[in-house]
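Novice: model the following, please.
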Amino acid sequence: MSASQGPAQRLFAAGKRLLGSLLAIGETRLRLAVLELEEERARLVGLLMLAGLSLILLMLGIGVLTTLVIVAFWETHRLTAIGLSALVLLSSGILLALRVMHLARRRTLLAGTLRHLASDRDLVEASRESH
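Specialist: Now for the predicted structure:
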């Protein structure tokens with residue numbers, strides 16, 4: 001800085017640099033958030049495709065297995081076989097639904113961005129306390 005600048009000009013220049021730094025930090029954080037959203041979307045699409053395919057195959061397998069059990073006990077205990085098959089299927093479905101609800105409550109979206117923003121806030125507060 002030259003000696004010809006007055007206090008107002010230096011203050012204006014410092015404010016301008018501060019604003020530029022804040023914009024750069026904001027842009028970096030926004031880019032990080034967008035990148036995390038894109039990664040999460042790609043992961044979710046792949047996960048949904050695999051889950052859908054596995055559900056179709058599991059339904060077919062369970063249907064064939066249930067039919068096999070019922071046919072095997074057709075002459076002696078057909079109602080017991082049908083009832084037990086239904087009980088096993090229903091209880092498994094309820095347990096899996098509870099597990100899915102538990103997993104759905106976990107928050108992973110933008111976890112990295114939130115962590116970086118928290119560290120930025122801590123740095124700002126620490127520098128404010130040191131002055």
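
Novice: buried stuff in the helix or strand hosting E129?
Specialist: Under the criterion of DSSP states H and E, E129 resides in helix 111-130. Residues of helix 111-130 classed as buried by neighbour count (16 or more other Cβ atoms under 10 Å): T113, H116. In this view, the C-beta of every residue, glycine as well, is placed from N, C-alpha and C.

Novice: helices or strands up against that helix?
Specialist: On a contact count with 3 or more Cβ pairs under 8 Å, 6 or more residues apart in numbering; DSSP states H and E, helix 111-130 meets helix 7-72.

Novice: and the helix it packs on, what does it pack against?
Specialist: So helix 7-72, by 3+ Cβ pairs under 8 Å, 6+ apart, packs with helix 78-105, helix 111-130.

Novice: who wins for proximity to G6 among those?
Specialist: helix 111-130 (27.1 Å; Cβ to Cβ).

Novice: can you show me the CA trace of the closest one as PDB?
Specialist: Output in PDB follows, covering the C-alpha atoms of helix 111-130 (Å, rounded to 0.1, in the frame of the first residue of the first chain):
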ATOM      1  CA  ALA A 111     -22.300 -34.600   6.200                       C
ATOM      2  CA  GLY A 112     -18.900 -33.400   4.900                       C
ATOM      3  CA  THR A 113     -20.200 -29.900   4.100                       C
ATOM      4  CA  LEU A 114     -21.800 -29.600   7.600                       C
ATOM      5  CA  ARG A 115     -18.500 -30.700   9.200                       C
ATOM      6  CA  HIS A 116     -16.500 -28.200   7.200                       C
ATOM      7  CA  LEU A 117     -19.000 -25.400   8.000                       C
ATOM      8  CA  ALA A 118     -18.800 -26.300  11.700                       C
ATOM      9  CA  SER A 119     -15.000 -26.200  11.600                       C
ATOM     10  CA  ASP A 120     -15.100 -22.800   9.800                       C
ATOM     11  CA  ARG A 121     -17.400 -21.500  12.500                       C
ATOM     12  CA  ASP A 122     -15.100 -22.800  15.200                       C
ATOM     13  CA  LEU A 123     -12.100 -21.100  13.600                       C
ATOM     14  CA  VAL A 124     -14.000 -17.800  13.400                       C
ATOM     15  CA  GLU A 125     -15.000 -18.000  17.000                       C
ATOM     16  CA  ALA A 126     -11.500 -18.900  18.100                       C
ATOM     17  CA  SER A 127     -10.000 -16.000  16.200                       C
ATOM     18  CA  ARG A 128     -12.700 -13.700  17.700                       C
ATOM     19  CA  GLU A 129     -11.900 -14.900  21.200                       C
ATOM     20  CA  SER A 130      -8.100 -14.400  20.700                       C
END
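
Novice: that'll do, ta.
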